[in-house]
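Colleague: output the structure for:
(4 chains)
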Protein chains: 2
Amino acid sequence: MQIGELARSTATKVETIRFYEKIGLLPAPARTEGNYRDYGHAHLARLSFVRRARDLGFTLDQVRALLALSDERDGSCGAVDAVARMHLAEIDRKIADLRALRRELDDLIGQCSQGSISTCRIIEALGPAEAA
Amino acid sequence: MQIGELARSTATKVETIRFYEKIGLLPAPARTEGNYRDYGHAHLARLSFVRRARDLGFTLDQVRALLALSDERDGSCGAVDAVARMHLAEIDRKIADLRALRRELDDLIGQCSQGSISTCRIIEALGPAEAA
DNA sequence: ATGCACCCTGTAGCAACTCTAGGGTCAAGG
DNA sequence: CCTTGACCCTAGAGTTGCTACAGGGTGCAT
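Modeller: Predicted coordinates:
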């Protein structure tokens, strides 16, 4: 399988695959006569794993850790669980942050009476805190 | 006021202020004899504006737009409102995305029975979709 | 005069790709 | 036989928003 096909079947850009190879996330595949990368099942499996983990928001470092763990077929699942839980906690933090932000921004927008800039509450709210 | 004081009074790093100047977000201030940057009220006001907008999650490009708008003191507030609403919509999208993700990840974690890697549902779920 | 806190410039690094330039390979069609 | 077009290759720069050096200069107190 050449890189384009692998890219299509994992919804990944060709450049991204080469990038993953360069940073050591994917093993370098064999090459054809014409120096084309030649992928097999194992590569497809590994790249699928990486993409799914990325889609779930894991960082590349976390993906690297998960890959290493998944390679030790008889190690304990606990470490995997820990990585996932850590990530879940992070997501919860981000959601909370965004919600707080959303509320603030919504308040600001609610105050805009569509007048001129000089009386705009949004611009005003962004200005310095009275002191300056 | 020198850069350190400006940094302290806006909770910004010195390097960040210089960076904002370099990308044209802040006007270059006057210099002292010894070539130190010398800031006044206007700079403080502008940097405060930038920091607040950034805290609200606006991108630097959006901040640039808001600054330009706020400089036209008698333009209409409509454009400002539009930028803010656009940003709000984006935040809503992000929150929704994160929530979907959270659910998926939570399901995955729920299936982990703390056994060995070879039977780990998390690792399994990340693998390829049966095909490979 | 010497130490220290502060300032200066310029450059490189972070995540995680994405894109471009400038080429090579391979199969099909005229 | 030769060209066209789709694909592949490498190396390097660009993206966003900073942050962190390295290697120096300034200003004030002791």
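Colleague: where's A:Glu104, which helix or strand?
Modeller: In this assignment (DSSP states H and E), A:Glu104 forms part of helix A:78-110.
Colleague: got the buried residues for that helix?
Modeller: Within helix A:78-110, the residues that count as buried by 16 or more other C-beta atoms under 10 Å in any protein chain shown are A:79-81, A:83-84, A:87-88, A:91, A:94-95, A:98, A:101-102, A:105, A:108-109. Any C-beta I mention is one placed from the backbone N, CA and C, and that applies to glycine too.
Colleague: ok, now stretch A:9-28?
Modeller: For stretch A:9-28, burial by neighbour count (16+ other C-beta under 10 Å) applies to A:9-10, A:12, A:17, A:20-21, A:25-26.
Colleague: would you check which pair of the residues you listed lies furthest apart?
Modeller: For the buried residues of stretch A:9-28, the maximum inter-member distance is 17.5 Å, found between A:Ser9 and A:Leu25 (C-beta to C-beta).
Colleague: how far does the worst-scoring helix or strand of chain A on mean pLDDT sit from the chain's center?
Modeller: When each helix and strand of chain A is scored by mean pLDDT, DSSP states H and E, helix A:121-126 comes last, with a mean of 78. Distance, stretch centre to chain centre, for helix A:121-126: 33 Å (C-alpha atoms, centre = their mean, to the nearest Å).
Colleague: helices or strands next to that helix in the packing?
Modeller: Counting contacts by 3 or more C-beta pairs under 8 Å, 6 or more residues apart in numbering or on different chains; DSSP states H and E, helix A:121-126 is packed against helix A:78-110, helix B:41-55, helix B:60-71, helix B:78-110.
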